[in-house]
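> show me how the following folds:
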Amino acid sequence: MTESGGRLAGRRLALGVTGSIAAYKSVELLRLLQAEGADVRVLMTPAATAFIGSLTLETLSRHPVDTDVLALQPNGKIGHIDAAHDVEAIVVAPATARWLSAMASGLATDTITAACLATSAPVVVAPAMDGGMYTHPATAANVARLREYGYRIVEPEEGELASGMTGRGRLAALPSIVDAVVAAMSDAPRAGVAAARSDYAGRHVVVTAGGTAEPIDPVRFVGNRSSGKMGAAVAREALGRGAAVTLVLANATVDPPAGARVIRVATAAEMQAALQALTPPEGPAFDVLVMAAAVADFRPASAAKRKLARGEGLKLNMEPTPDLLAETVERVRAGLAASGETGPVLVGFAAETGSLERAPEKLRAKGVDMLVANDVGEPGSGFGTDTNRVTIYALDTPAEELPLLPKREVARQLLDRILVRLEARRPRKQET
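Next up, the predicted model:
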């Protein structure tokens with residue numbers, strides 16, 4: 001029975017359960033989704049029924065459970081087709097290695113893959129399996145392919161597995177899966193509304209967010225007031241439009257959006273290493289880079305290994321941190337010059353105070369395609385706010401000043417402008 005309120009009130013979902021030992025958790029996941037107000041129907045693979053009986057889920061969901069891809073429902077309808085057209089999102093939890101492989105290859109071997117192939121609704125996937133299986137290159141490639149389809153992947157957790165071993169493969173915490181569904185549904189239309197945008201499907205967007213913390217000693221650090229809200233808004237908007245998103249997240253007061261691949265960093269050096277891994281010599285592993293993080297401009301030349309005692313004062317010998325934006329752009333351009341390929345769209349952010357007069361010069365000096373500048377001293381446009389007033393600079397178009405807007409709307413308008421450049425360089429392949 002669904003609750004009258006909740007974040008999913010009145011929304012229709014399908015829960016796909018595959019043959020993992022974690023299938024027993026699907027009962028509690030069903031109840032959590034219902035507690036958020038969702039009307040949930042269940043699809044199961046034959047292997048899943050060996051772990052949990054379909055009668056349990058049928059009783060709790062109050063819908064027939066589809067277990068046979070060839071069977072008809074009592075009303076004569078094909079179960080998986082009816083589900084694909086009726087629901088507003090599909091969540092597959094747990095998803096086994098076998099299911100990931102079948103889905104990545106487009107094989108309709110069970111009711112869940114068939115429904116996912118037939119639907120235009122958002123799909124959330126929560127893998128669960130032994131650690132060695134999840135880290136195998138074949139599984140990693142299948143997960144990457146599903147991200148390209150626009151599916152939201154809720155990464156498994158590290159911990160003790162059913163095999164008795166320890167590794168990454170435990171089904172994600174159920175509240176995290178629910179949050180991912182809520183995030184997907186926030187971008188999905190209700191019945192009768194035009195389909196959600198998917199203009200970034202098949203694209204990989206990398207976003208940096210948050211502020212770095214440069215250590216003075218094991219307790220203290222030099223940092224800034226960045227909350228990470230703007231970068232998180234860009235990541236969330238890109239996910240909602242079908243992109244695979246990697247979020248390089250420094251210190252932030254906002255949670256990363258569910259469905260993004262998150263690389264946690266603390267210092268400028270750690271962020272530098274993460275960006276280097278994403279821009280190997282053979283070329284960048286992304287279509288769009290949005291550098292919204294606030295990287296500290298200076299750091300202590302050396303950090304004390306033990307906490308410094310309180311004294312009359314503290315003098316720090318500071319050194320500049322690497323210019324990660326300019327460095328990354330230079331590395332991308334160098335790789336493209338060698339390969340001859342068209343490049344990704346590169347976007348930087350610049351936080352100024354008092355005026356934006358330095359922004360045009362930063363645009364040229366950094367070598368980016370676009371620079372988004374804001375005056376953090378202006379009310380409603382500073383660190384930690386939910387709104388922002390930005391001006392977008394580019395070498396080939398006049399500066400465009402946007403009014404004070406919610407950061408999610410700023411992200412939407414920014415991605416609209418990025419897409420124009422992206423399509424001119426790397427148009428998506430059309431199905432034939």
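
> the lowest-mean-pLDDT helix or strand in the chain - contacts with which helices or strands?
The helix or strand of the chain with the poorest confidence is helix 79-86; it has a mean of 74 (mean pLDDT, DSSP states H and E). For helix 79-86, the elements it packs on are strand 39-44, helix 111-118, judged by 3 or more Cβ pairs under 8 Å, 6 or more residues apart in numbering; DSSP states H and E. Just so you know, the C-beta spots here come from the backbone N, C-alpha and C atoms, and that holds for glycine as well.

> what angle do helix 111-118 and the next helix or strand after the longest one make with each other?
Okay, so that is helix 111-118. Following helix 111-118 in sequence order, the next helix or strand is strand 123-127 (DSSP states H and E). Here the directions of strand 123-127 and helix 111-118 differ by 140 degrees (axes from the mean of the first three to the mean of the last three Cα atoms, to 10 degrees).

> and Ala294, how far is that from Asn374?
11 Å (Cβ to Cβ, to the nearest Å).

> for the stretch 201-350 of the chain, which segments count as helices?
With DSSP state H, counting those that start in this stretch as the definition, the stretch 201-350 of the chain shows helices at residue ranges 229-240, 268-278, 324-339.

> can you tell me which of these is packed in deepest?
Most buried of the helices of the stretch 201-350 of the chain, by mean neighbour count (mean count of other Cβ atoms under 10 Å): helix 229-240, with a mean of 27.

> state the mean pLDDT of that one.
Taken as a whole, helix 229-240 carries a mean pLDDT of 92.

> that helix packs against which elements?
Contact analysis of helix 229-240 by 3+ Cβ pairs under 8 Å, 6+ apart lists helix 174-187, strand 204-209, strand 244-249, strand 288-291, helix 407-425 as its packing neighbours.

> can you give me how far it is from the chain middle?
Its chain's C-alpha centre and that of helix 229-240 lie 8 Å apart, by Cα atoms, centre = their mean, to the nearest Å.

> likewise stretch 386-393?
Worked out by Cα atoms, centre = their mean, stretch 386-393 lies 22 Å from the chain centre.

> can you get me the start-to-end distance on that stretch?
Start and end residues of stretch 386-393 are separated by 22 Å (Cα to Cα, to the nearest Å).

> where are the low-confidence patches of the stretch 301-432 of the chain?
Along the stretch 301-432 of the chain, the parts satisfying pLDDT under 70 run over 312, 337-341, 427-432.

> can I get the helices of the stretch 201-350 of the chain in CSV with distance to Asn388?
Shown next, in CSV, are the helices of the stretch 201-350 of the chain (distance: least, Cβ to Cβ, whole Å):
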stretch, distance to Asn388
helix 229-240, 6
helix 268-278, 22
helix 324-339, 19
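
> what's the nearest residue to Met133 if we skip its chain neighbours?
Ala97 (4.8 Å; Cβ to Cβ, 6 or more residues apart in numbering).

> residues in contact with the one you found?
Counting by Cβ atoms under 8 Å, 6 or more residues apart in numbering, Ala97 touches 127, 129, 133-134, 136, 139, 142.

> please parse this structure into its domains.
The chain breaks down by automatic domain parsing into domains covering 12-187, 204-425.

> so for Gly6, which of the ones you listed sits nearest?
Comparison of these against Gly6 by Cβ to Cβ identifies domain 12-187 as nearest, at 3.4 Å.

> gap between the closest one and the chain center?
On Cα atoms, centre = their mean, the centre of domain 12-187 falls 18 Å from the chain's centre.

> before we move on, the earlier item: make JSON lines out of the helices and strands packed on helix 229-240 and add mean neighbour count and distance to Val91.
Shown next, in JSON lines, are these (neighbours: other Cβ atoms under 10 Å; distance: least, Cβ to Cβ, whole Å):
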{"stretch": "helix 174-187", "mean neighbour count": "21", "distance to Val91": "5"}
{"stretch": "strand 204-209", "mean neighbour count": "28", "distance to Val91": "23"}
{"stretch": "strand 244-249", "mean neighbour count": "27", "distance to Val91": "18"}
{"stretch": "strand 288-291", "mean neighbour count": "28", "distance to Val91": "27"}
{"stretch": "helix 407-425", "mean neighbour count": "18", "distance to Val91": "23"}
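
> switch the ones you listed over to CSV; also include distance to Thr397.
Shown next, in CSV, are the helices and strands packed on helix 229-240 (distance: least, Cβ to Cβ, whole Å):
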stretch, distance to Thr397
helix 174-187, 28
strand 204-209, 21
strand 244-249, 26
strand 288-291, 17
helix 407-425, 9
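
> can you show me the helices along the stretch 51-200 of the chain?
Per DSSP H, counting those that start in this stretch, the stretch 51-200 of the chain carries helices over the ranges 54-61, 79-86, 97-105, 111-118, 131-135, 137-148, 174-187.

> between those helices, which gets the lowest average pLDDT?
Among the helices of the stretch 51-200 of the chain, helix 79-86 scores lowest, with a mean of 74.

> ok so, going back, relative to Val27, which of the helices and strands packed on helix 229-240 is closest?
Between Val27 and the helices and strands packed on helix 229-240, the tightest spacing by Cβ to Cβ is seen for helix 174-187, at 10.3 Å.

> contacts for that closest one next, please.
Taking Cβ under 8 Å, 6+ apart as the rule, helix 174-187 contacts 7-8, 11, 13, 25, 28-29, 32-33, 36, 38, 88-89, 91, 93, 122-124, 126, 152, 154, 171, 196, 236, 239-241, 257-259.

> now which of the residues you listed would you call buried?
Among these, those classed as buried by 16 or more other Cβ atoms under 10 Å are 7-8, 11, 13, 25, 29, 32-33, 36, 38, 88-89, 91, 93, 122-124, 126, 152, 154, 171, 196, 236, 239-241, 257-259.

> appreciated, that's everything.
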